[in-house]
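Undergrad: output the structure for:
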Amino acid sequence: ADEVRALALRTHQSTEEIENIIQALQLSTDEVDRSMTGAQATLKQTISESHQAIVALDDIIGGMDQINDMNAQIAAATEEQYTTTEGISDKFVSINEIIDSINHNADTVVDLGNQLDELRESIKGDLSNFKL
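TA: Numbers count the residues shown, from 1 in each chain. Here you go, the predicted structure:
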């Protein structure tokens, strides 16, 4: 009978231990469930913020593409202006050469005019030697 009582007591103690272990497991499971729920909410928030960051990066990349396009247009316009300016400069050089040529020709005309004046005076002098 003592053995049966001891066995019953031991069974009762084991049952309480098992109940305590089960309660501890249930508490741990509830804690894990709350932690997982919190982690899930945090993960959803992180995913949402990641999507927002991706959209913002896409906007930045789009802006950079626009800036690159504008830079290319500015570079093309600058090249065109350079080419035009170079053409104008070449025309000014040509105009200066023409002006130099005109000045040279004007000097030549003045020299020829002076020579003609001298020739006229010489002919006039020669004609004055002839008397009628």
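Undergrad: model confidence for E16, exactly?
TA: Note on E16: pLDDT of 94.
Undergrad: mind listing what it touches?
TA: By C-beta atoms under 8 Å, 6 or more residues apart in numbering, the contact list for E16 is empty. Glycine gets a C-beta too; all of them are placed from N, C-alpha and C.
Undergrad: that one is in what secondary structure piece?
TA: Assigned by DSSP states H and E, E16 belongs to helix 2-129.
Undergrad: residues near D30, how many?
TA: 10 (other C-beta atoms under 10 Å).
Undergrad: how near is it to K44?
TA: Here the criterion is C-beta to C-beta, to the nearest Å. By it, D30 lies 21 Å from K44.
Undergrad: thinking again about what came up before, so how far is the helix holding E16 off the chain centroid?
TA: 1 Å (C-alpha atoms, centre = their mean, to the nearest Å).
Undergrad: count of residues packed around I98?
TA: 10.
Undergrad: how about E17?
TA: If we define neighbours as other C-beta under 10 Å, then E17 has 10 of them.
Undergrad: distance of it relative to S28?
TA: On the measure of C-beta to C-beta, E17 and S28 end up 16 Å apart.
Undergrad: equivalent analysis for I61, please.
TA: From I61 to S28 the distance is 47 Å (C-beta to C-beta).
Undergrad: next: Q40.
TA: Q40 is 18 Å from S28, by C-beta to C-beta.
Undergrad: R34 too?
TA: R34 is 11 Å from S28, by C-beta to C-beta.
Undergrad: T46 now?
TA: T46 is 26 Å from S28, by C-beta to C-beta.
Undergrad: over to G87?
TA: 86 Å.
Undergrad: do the same with E121
TA: Distance from E121 to S28, by C-beta to C-beta: 134 Å.
Undergrad: same deal with S101?
TA: Using C-beta to C-beta, S101 is found at 106 Å from S28.
Undergrad: over to I102?
TA: Using C-beta to C-beta, I102 is found at 107 Å from S28.
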